[in-house]
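Student: Model the structure of this input:
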Amino acid sequence: MNDKNAIDNKNPGNKSVDQSVLIVPEGAESIGTNAYSGRNDFSEAVLPAGIREIGNGAFADCACLEKIDLPEGLTRIRKNLFSGCRSLRTISIPDGVTSIGEWAFRSCVSLETIRIPGSVTDIAAEAFLNCPGLTIITERGSYAEGFARKFEISCMAE
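Tutor: Residues are numbered from 1 along each chain as shown. Purely as a prediction, here's the structure:
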């Protein structure tokens, strides 16, 4: 991800006026591996619509992260992406995403709901390891519904 439209730990994006919101600049197309990993200085991240790829562990261990809206155009949730985000309570995976990687949400202990679209056809077995109160919201008959049943995760199929 070495292009001028990539965000990484050397080109981290901007903070809002109130300093608790991380704003990734318009024009960014990717966020690099571990770009924000371990940062605890923001509770919300705002990503532009043009983001097409987010690297492994980009938001891992951001213990204060409570809210992030993922843009349409992503095709996968990569390994360790939100691992250790202890304050994250709910998230929606955009339509078009086809896979959720290993440990993507590991130890997101406050995660209550995740909306997974029918486009997801692969979820790593340990994607939701140590997410004790999680409910998966998905389409009836989807891969995510079968995954939830197999791993005894609460599921609401609509």
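Student: all strands of the protein, in order?
Tutor: Here the chain has its strands, by DSSP state E, at 6-7, 14-15, 21-23, 30-31, 44-46, 53-54, 67-69, 76-77, 90-92, 99-100, 113-115, 122-123, 135-138, 154-157.
Student: now those strands in JSON lines, with distance to residue 144?
Tutor: All C-beta atoms are positioned from the backbone trio N, CA, C, and that covers glycine. Putting the strands of the chain into JSON lines (distance: least, CB to CB, whole Å) gives the following:
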{"stretch": "strand 6-7", "distance to residue 144": "28"}
{"stretch": "strand 14-15", "distance to residue 144": "34"}
{"stretch": "strand 21-23", "distance to residue 144": "28"}
{"stretch": "strand 30-31", "distance to residue 144": "24"}
{"stretch": "strand 44-46", "distance to residue 144": "24"}
{"stretch": "strand 53-54", "distance to residue 144": "19"}
{"stretch": "strand 67-69", "distance to residue 144": "19"}
{"stretch": "strand 76-77", "distance to residue 144": "12"}
{"stretch": "strand 90-92", "distance to residue 144": "12"}
{"stretch": "strand 99-100", "distance to residue 144": "9"}
{"stretch": "strand 113-115", "distance to residue 144": "9"}
{"stretch": "strand 122-123", "distance to residue 144": "7"}
{"stretch": "strand 135-138", "distance to residue 144": "4"}
{"stretch": "strand 154-157", "distance to residue 144": "8"}
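Student: With mean pLDDT and distance to residue 38 added, can I get those strands in TSV?
Tutor: Shown next, in TSV, are the strands of the chain (pLDDT from 0 to 100; distance: least, CB to CB, whole Å):
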stretch	mean pLDDT	distance to residue 38
strand 6-7	50	16
strand 14-15	49	16
strand 21-23	93	13
strand 30-31	96	15
strand 44-46	95	14
strand 53-54	98	16
strand 67-69	96	16
strand 76-77	98	19
strand 90-92	97	19
strand 99-100	98	22
strand 113-115	98	22
strand 122-123	98	25
strand 135-138	98	27
strand 154-157	97	30
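Student: Please produce TSV containing those strands, extended by distance to residue 37 and mean neighbour count.
Tutor: Putting these into TSV (distance: least, CB to CB, whole Å; neighbours: other CB atoms under 10 Å) gives the following:
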stretch	distance to residue 37	mean neighbour count
strand 6-7	13	21
strand 14-15	17	12
strand 21-23	13	18
strand 30-31	11	22
strand 44-46	13	18
strand 53-54	12	21
strand 67-69	14	15
strand 76-77	15	22
strand 90-92	17	16
strand 99-100	18	20
strand 113-115	20	20
strand 122-123	22	18
strand 135-138	25	20
strand 154-157	29	15
